[in-house]
Structure formats: C-alpha cells, structure tokens
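Visitor: need a 3D model of the following:
(one chain, ligands or ions: 1)
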Amino acid sequence: MEKRVCLECGEEILGRSDKKFCDDQCRNAYNNKMRSGDDHLIKHINAILKKNRKILAALNPGGKTKAHKDKLLTKGYDFKYHTHTYVTKENARYVFCYDYGYLALDNDWYLLIRNDKENNV
Ligand SMILES: [Zn+2]
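Guide: Residues are numbered from 1 along each chain as shown. This next block holds a predicted model:
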C-alpha cells in the first residue's frame, strides 16, 4: 500500500484513505497558504496590467498615436499581460489593457488606440 503523507507537514497519514492532512490544523495552515499565494499572484498580475495601462495612457494622451516598441519597453511595458484582444474583420488583432490598446505594425511600431466605449471596440 502506498504511504500517504500530509500535504502540510509531510507526516505519514494514518486512517481513512481519502485524508490529505493529519488534522484540521494542518488543513487550515495549508489552505491559508494556498489562498495567500493566489492573492499574491492576482495582485502581482493586476499591478502589471495597471502599469501597462498607465504606460499606454501616458504615451497616448490623444487617443490615437504611434509608438515604437523600444519606447514601450523602456517605460517597463510587459507584453505578456493584457486584458483582452479584438480581431477585426480584416484580421487585425488589437491587444488591450482595459480601455487602452495597441495594434502591432511593421518594424516594431505600434498603433496605440483607446476604446472608451464599453463592448464596442
Ligand atoms: Zn500534518
């Protein structure tokens, strides 16, 4: 029979085969850790998204402009994170951080746009 260990403390678990923790204390400690880990991850990603939006907003005060990739990267833009995308009928893929977005152009240039109307890109 396989030896089962507590997910929290690593001690061997005795008794029912579906048990994952040796007691409630270990279960609670483990769940709290998982929860705060999730919170941290969400906060981290939210912070990146907000920073991205701030950068797009700062570079695009008029609502439509062009910017080079280097400029975005210098400001600390993180291209990994965005809130949503929109693909036009012409197959142009806009990437958004909230209401600000961009469209990749040739030679690392980006068309920055703003969509202030919800659900209507
Ligand atoms: Zn335990």
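Visitor: give the helix, strand or coil label for the spatially most central residue of the chain.
Guide: Central residue of the chain (CA atoms, centre = their mean): Ile45, 4.1 Å from the mean position. Secondary structure for Ile45, judged by DSSP: H, G, I helix; E, B strand; the rest coil, is helix.
Visitor: now do stretch 104-112, average pLDDT.
Guide: When pLDDT is averaged along stretch 104-112, the result is 97.
Visitor: show the end-to-end separation of it, please.
Guide: With CA to CA, to the nearest Å applied, stretch 104-112 spans 9 Å between its terminal residues.
Visitor: and it, which residues are buried?
Guide: Neighbour counts over stretch 104-112 (16 or more other CB atoms under 10 Å) mark 109-112 as buried. In short, each C-beta sits where N, CA and C put it, glycine included.
Visitor: please apply the same query to stretch 86-103.
Guide: For stretch 86-103, by 16+ other CB under 10 Å, it's 94-103.
Visitor: most widely separated two among those residues?
Guide: Maximum pairwise distance among the buried residues of stretch 86-103 (CB to CB): 16.0 Å, between Tyr98 and Leu103.
Visitor: dump the buried residues of stretch 86-103 into CSV; add distance to Asn28 and secondary structure as well.
Guide: Converted to CSV, those look like this (distance: CB to CB, whole Å; DSSP: H, G, I helix; E, B strand; the rest coil):
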residue, distance to Asn28, secondary structure
Tyr94, 45, strand
Val95, 41, strand
Phe96, 40, strand
Cys97, 37, strand
Tyr98, 36, coil
Asp99, 41, coil
Tyr100, 42, strand
Gly101, 43, strand
Tyr102, 45, strand
Leu103, 49, strand
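Visitor: OK, contacts around the residue nearest to the centre of the chain?
Guide: Residues in contact with Ile45 (CB atoms under 8 Å, 6 or more residues apart in numbering) are Tyr81.
Visitor: and this protein, which residues reach the ion?
Guide: In this structure, the chain approaches the ion at residues 6, 8-9, 22, 26, judged by CB under 5 Å from the ion.
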